[in-house]
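> here is a sequence together with a model predicted from it:
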Amino acid sequence: MFRFCQPTELLIIVGIVTGLAGEGRSVWRKDSHFSPVSETQMFLYDTFPRDFLWGAGTGAFQVEGSWRKDGKGSSIWDRFSRSELRDTDGTGTSSDSYALLDKDLSALQFLGVTFYQFSISWSRLFPTGVVAAPNEKGLQYYNTLIDSLLYRNIAPVVTLYHWDLPLMLQEKFGGWKNESVIDIFNDYATFCFQTFGDRVKYWITIHNPYLVAWHGYGTGIHAPGERGKIRTVYSVGHNLIKAHARVWHTYKEHFEPYQKGMISIVLGSHWIEPNKLEDELDISKCQKSMERVLGWFAKPIHGDGDYPEELKNEFLFLPHFTEDEKNYIKGTADFFAFSFGPSNFKPPNTLPKMGQNLSLNLREVLNWIKLEYNSPRILIAENGWFTDSHVKTDDTTAVYMMKNFINKVLQAIKYDNIDVFGYTAWSLLDGFEWQHAYNIRRGLFYVDFKSKKKERIPKSSALYYKQIIQENGFFPKDSTPNLQAQFSCDFSWGITDELDQGDLYLWNVTGDGLLHRVEGVKLKTRPAQCTDFVSIKKQLDLLEKMKVTHYRFALDWSLILPNGDLSVVNRQVLRYYRCVISEALKLNIQSMVTLYYPTHTYLGLPGPLLQTGGWLNRSTAHAFQEYAALCFRELGDLVKLWITINEPNQLSNVYKRSSNDTYRAAHNLLLAHAMAWRTYDERYRPSQYGKVSLSLHSDWAEPANPFFESHSKAANRFLQFEIGWFANPIFKTGDYPATMREYITFKNRKGLSYTLLPSFTSEEKQLVKGAADFYALNHFTTRFVIDEPQNGSQHEFNCDIQFLQDITCLSSPSRLAVVPWGMRKVLRWIKKTYGDIDIYITANGIDDPSLDNDELRNYYLDKYIQEVLKGEHMTDSIKIKGYYAFKLTEEKSKPRFGFFTSDSKEKPSVRFYNGLISNNGFPADHSVCGPSSHEKQCSFCLFVSQKKPLIFFACCLFSTLSLLLIFYWNSKCARYKNS
């Protein structure tokens, strides 16, 4: 099943419909304060109306083939494809629907559609285009097709003209440039109504006349390939409109009374967004762009019978409609048939963008149609996307485009009250794709054009579309109802910050950071105090506002040990960190301290260690062990939770010269962590009673295409290469995952990589295995994974995966997808893979661009913490000990992850998180826990740590008095015995 998220596009809902020209510009006037997490903007889980029509479509020239068979005449596309398009032999075979009708019918039945939209090849019925005795073989084919559809309860939706004008009409009359073709087209349409109309209830006169005129007679990239003057283009468009109106009236007057059908014309368009939403000039340009494409044909037919004013003002040579013609043309459509697909966007340099931005937001263009044309009934007559020609059945990108488009239609129906009554997926089969020939594919079914049988093999998009049709919409597959419950009373609520380098200057009168002696003055100095560090108070103020129980921050190794060893220890820095911890304890906030927190921009190693190779040198691991021991000794009496290294599985971003470098650095990082853990376990745990682990970046991986087993394998492979890489040696076997070793070996044998994954000695396995007291994970999003074989000796290539960005997901500016259920899935996976271990979520958060109303962050916190609660309370029974939101303050010019701005301004999310903490989750009755055991213990620890001299003196005094008392008592007893 496909997983659904929330889309990011915003749409202001317009409540008043007037149907006046120009009203569509209201769509672009969006409220700047409109919430990005409004329910009306989310991916909609709902069903379509019960009588909604689901269909698939094709064009005759694209799929029929057999262009010279059974008396068919040539069309303008037969000649154009052979003379103008390279590396193609036209549609001599194509999908060969003419000869393989049964296979098409089976494909339609497989999908479960309610209608099939196809076109009649004009030259197959009448080889010259002029109505005379019809070609019997062609007539038999279309009769059989219609009857076969009806037998299967599939309604035929028949297009009379889908671009394949009989060649004779082009050569004799000049095609659509000549008004004479209007009468000939009407004769052809009349024959079709007479012959097929008793069984056809939906007719389309012309498919996308804009492309016929613009590309056929303007750019020349469509048949007949004329690169004429702009005057010719609009003359052709004029004739197409009149041809449509003529046929519409013919049907209404002579056939509708007893055939009871409906007839329209398919109009296609792009969509466009202004550069600046608040700029009226940009909005006006967008309106003009839409009027030049969609309005060119829609306003005469669905509006007042005339062209848009903008078009008439811009092109003075534009043909004119008489008043009689306007009245004759307006209203000549029983519904608005709309095409929205790649043909309307390509090539982009031929579109009147007017300096604005193309967009694929189908919901917005439907709103524009509603406002401009008085809420017509709408049939989506063509919609879909394309893949490259080499793609066979794994058309994952097309699936996600379909998912987005169809959900936009559903939103338009449910939220905007737009009357969409049907949807046509385009196209049923792979076929000839006009100017692209066979270089792209658009079918729901894959066809090997070179094979004899030309089997219709369902692609992922066919399987997905079938699922949507069966469910008549979208149902959530992974989310569960919200849970009303609380976390355990000793649950840790934390906040994470990155490296804390602090303000290490105590006095700085001259600005050089030094202390200066004043001659002739003698002062009594007081003992050093934590308040000497001016930055600590500001930091504590922020922490106090957060109302957290735990604060996770990182030490700076290079500041504490500038030389990388114990030869120089910066005691001032250590005292600063001790002050941060002790002052936080006064607020009943315990610290989770990270020893090493490398980032993309700051590796954090002391200079001498960097110069000797950094983590590529085994000696760095031993240096880290010494550094860790120092920190345990100096700070361990105040710290109960330690993280040795933050996200070592992300350091491949630094050591990426080759995969061998990456794995060597990772190997040394693992050993460094294990040695630090063993040091604590053997020397400090007996007296300090703390716990130690490392934090692993643990995003969930979901197969981008669940219809393909290869994607599921790729997702599992990603988890092993990303998480198992470090977790397996520590929490499971003492060695790297077998999946990882086997896959790298496989790639090496194929010559696709030259990677050597290090081996652990038996001593190293014993050292590493079990070297953690809990699992600490940093989780931010869910990755949608595609199986993509790659060549090269890099860590990211060894895994053979690529990530797909789900365009329907609510995402942050840094493109983090909001997928709450991914949190619970990764927690389950950890428990299943590594056993029933304690888990701390040591970082979870999202970047929100807003400085004063971070609604996205509130939404993210609410949904993700809900999933954490479900993991603890429901059947999962995962031992989750704490949750740390990321992060306390943001940095300038970086993604805005902070609860506070870089200048310490509080955001609304602070209070939102306060509420979750005070309620300890999502209780049904606002019951709260009493003071937690760790707070009581914490207060006692703080008292002991801060009153050490007094306690020592008291203990000495008590011991002395006790000894004196014992001595006195013994002396007295001796005297008593002697007497």
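On my side now, so go ahead. Residues are numbered from 1 along each chain as shown.

> break down the stretch 751-900 of the chain into its strands, ranges please.
Remark: strands of the stretch 751-900 of the chain, listed N- to C-terminal, are 775-778, 782-787, 801-804, 839-844, 880-886; assignment by DSSP state E, counting those that start in this stretch.

> now do whichever helix or strand comes after the last one and strand 880-886, the angle between them.
In other words, strand 880-886. Later in the chain than strand 880-886, the nearest helix or strand by DSSP states H and E is helix 908-919. Between the axes of helix 908-919 and strand 880-886, defined by axes from the mean of the first three to the mean of the last three C-alpha atoms, to 10 degrees, the angle is 160 degrees.

> same for helix 908-919, what does it pack against?
helix 534-546, helix 855-873 (3 or more C-beta pairs under 8 Å, 6 or more residues apart in numbering; DSSP states H and E). Heads up, the C-betas are built off the backbone N, CA and C, glycines and all.

> Throw the strands of the stretch 751-900 of the chain into TSV and include mean neighbour count and distance to Leu542, thanks.
Putting the strands of the stretch 751-900 of the chain into TSV (neighbours: other C-beta atoms under 10 Å; distance: least, C-beta to C-beta, whole Å) gives the following:
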stretch	mean neighbour count	distance to Leu542
strand 775-778	26	21
strand 782-787	24	30
strand 801-804	18	34
strand 839-844	26	17
strand 880-886	24	13
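
> can you redo these as JSON lines with distance to Trp77 and mean pLDDT?
Putting the strands of the stretch 751-900 of the chain into JSON lines (distance: least, C-beta to C-beta, whole Å; pLDDT from 0 to 100) gives the following:
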{"stretch": "strand 775-778", "distance to Trp77": "57", "mean pLDDT": "98"}
{"stretch": "strand 782-787", "distance to Trp77": "35", "mean pLDDT": "96"}
{"stretch": "strand 801-804", "distance to Trp77": "35", "mean pLDDT": "95"}
{"stretch": "strand 839-844", "distance to Trp77": "56", "mean pLDDT": "98"}
{"stretch": "strand 880-886", "distance to Trp77": "57", "mean pLDDT": "98"}
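
> before we move on, back to that, most tightly surrounded among the helices and strands packed on helix 908-919?
Compared across the helices and strands packed on helix 908-919, helix 855-873 shows the largest average neighbour count, a mean of 22 (mean count of other C-beta atoms under 10 Å).

> count the residues that sit near the residue nearest to Tyr859 when sequence neighbours are not counted.
For Tyr859, the nearest residue in space outside its immediate sequence neighbours is Val37; the separation is 4.2 Å by C-beta to C-beta, 6 or more residues apart in numbering. By the criterion of other C-beta atoms under 10 Å, Val37 has 18 neighbours.

> next: Trp163.
For Trp163, the number of neighbouring residues by other C-beta under 10 Å comes to 24.

> so where's this structure uncertain?
For the chain, residues meeting the criterion pLDDT under 70 lie at 1-20, 32, 87-93, 500-526, 926-979.

> neighbours of His249, how many?
Other residues close to His249 by other C-beta under 10 Å number 15.

> which SSE is it in?
Per DSSP H and E, His249 falls inside helix 230-254.

> which strands and helices lie in contact with that helix?
Packed on helix 230-254, when contacts are counted by 3+ C-beta pairs under 8 Å, 6+ apart, are helix 180-196, strand 202-207, helix 209-214, strand 262-268, helix 296-302, helix 323-329.

> so what are the sheet partners of the fourth one and their directions?
Strand pairing for strand 262-268, using DSSP bridges, gives strand 202-207 (parallel), strand 336-340 (parallel).

> need the helices for the stretch 251-400 of the chain, in chain order.
Taking DSSP state H, counting those that start in this stretch as the test, the helices found in the stretch 251-400 of the chain are 256-259, 280-290, 296-302, 309-314, 323-329, 362-372, 396-416.

> try the stretch 601-750 of the chain
Secondary structure of the stretch 601-750 of the chain, counting by DSSP H, counting those that start in this stretch: helices at 607-611, 618-635, 659-679, 685-688, 709-719, 725-731, 738-749.

> cool, and the stretch 1-150 of the chain?
Chain-ordered helices for the stretch 1-150 of the chain, with DSSP H, counting those that start in this stretch as the definition, fall at 60-63, 76-83, 101-111, 122-125, 136-151.
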